[in-house]
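[1] Quick one, structure for this:
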Amino acid sequence: MQRAKRKYVPDLIKQSAICEANYARLRRLLPTGQKQREYRVDWHRSDYRVSIRMDEEFAYTSTLVVSYWPESATPWFNPQTFVVRLYHDARMAEVVCLQKRKQLDGRYEYPNPQMHQPDEKFQLNQHLAEWLSHCLASGETLLPVSVAG
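    This is a model prediction of the structure:
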C-alpha cells in the first residue's frame, strides 16, 4: 500500500514571525534618515563582509539588496545576494528573490525543474534571520558609504 504524498502547507504564523523579526533587525542595522546609501558590517572573527544597499524606496515599501561574502573571497566566488522587500506599514521584511532570479513562490511542488525545496521561501527568510542576528551580535559597523548611480 502506497502512502499519499502530503502537500507542503506554509505556516503563516512562523513566516510572519520571521518577517517581523527580520524587519526589526534590518531597522537596527540601517542608518536613519539617509536615502540611497550603502551600509556595511564587518566581522573580525569570521572574516565576512555584509553589504546592505537600498534599491528602491517608496512611502510604504522599500527594496534592499543584502549581500555577504568572505573577506578573502577568490575571483570565482559569487556573493550570496538576497533581494528583500520591507513593508513599513506591516513592519515586515521578506526575501522576494535571490539576485538575478525570478520572484519566489510561497511553496513549490517537489520535484520541480529548478529543484526548489517545497519551503524554499521560508528557508531563505530563516537564513536571512540567522545572518542578521549574527551581524547584530558580532559585527563592527562601518560608516555608510554613498553608492554612485
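
[2] which regions of this structure sit below the pLDDT cut-off?
    By pLDDT under 70, the weakly predicted segments of the chain are 1-5, 32-46, 100, 139-149.

[3] which residue ranges form the strands in it?
    In the chain, the strands defined using DSSP state E lie at 37-42, 48-57, 61-70, 80-87, 92-98, 140-141, 145-146.

[4] So for the second one, what gets flagged as buried?
    Read that as strand 48-57. Buried residues in strand 48-57, counted by 16 or more other C-beta atoms under 10 Å: 48-54. Every residue, glycine included, has its C-beta placed from N, CA and C.

[5] what's the answer for stretch 57-73, then?
    62, 64-68.

[6] picking that back up, so can I have JSON lines of the strands of the chain showing distance to Leu128?
    JSON lines is the format used below for the strands of the chain (distance: least, C-beta to C-beta, whole Å):
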{"stretch": "strand 37-42", "distance to Leu128": "14"}
{"stretch": "strand 48-57", "distance to Leu128": "11"}
{"stretch": "strand 61-70", "distance to Leu128": "7"}
{"stretch": "strand 80-87", "distance to Leu128": "6"}
{"stretch": "strand 92-98", "distance to Leu128": "6"}
{"stretch": "strand 140-141", "distance to Leu128": "18"}
{"stretch": "strand 145-146", "distance to Leu128": "22"}
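
[7] Out of these, the one nearest Pro31 is which?
    With respect to Pro31, and counting by C-beta to C-beta, the nearest of the strands of the chain is strand 37-42 at 5.9 Å.

[8] returning to that earlier point: for the buried residues of strand 48-57, could you give me JSON lines that also reports distance to Met115?
    Conversion of these to JSON lines gives the following (distance: C-beta to C-beta, whole Å):
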{"residue": "Tyr48", "distance to Met115": "27"}
{"residue": "Arg49", "distance to Met115": "29"}
{"residue": "Val50", "distance to Met115": "27"}
{"residue": "Ser51", "distance to Met115": "28"}
{"residue": "Ile52", "distance to Met115": "28"}
{"residue": "Arg53", "distance to Met115": "29"}
{"residue": "Met54", "distance to Met115": "32"}
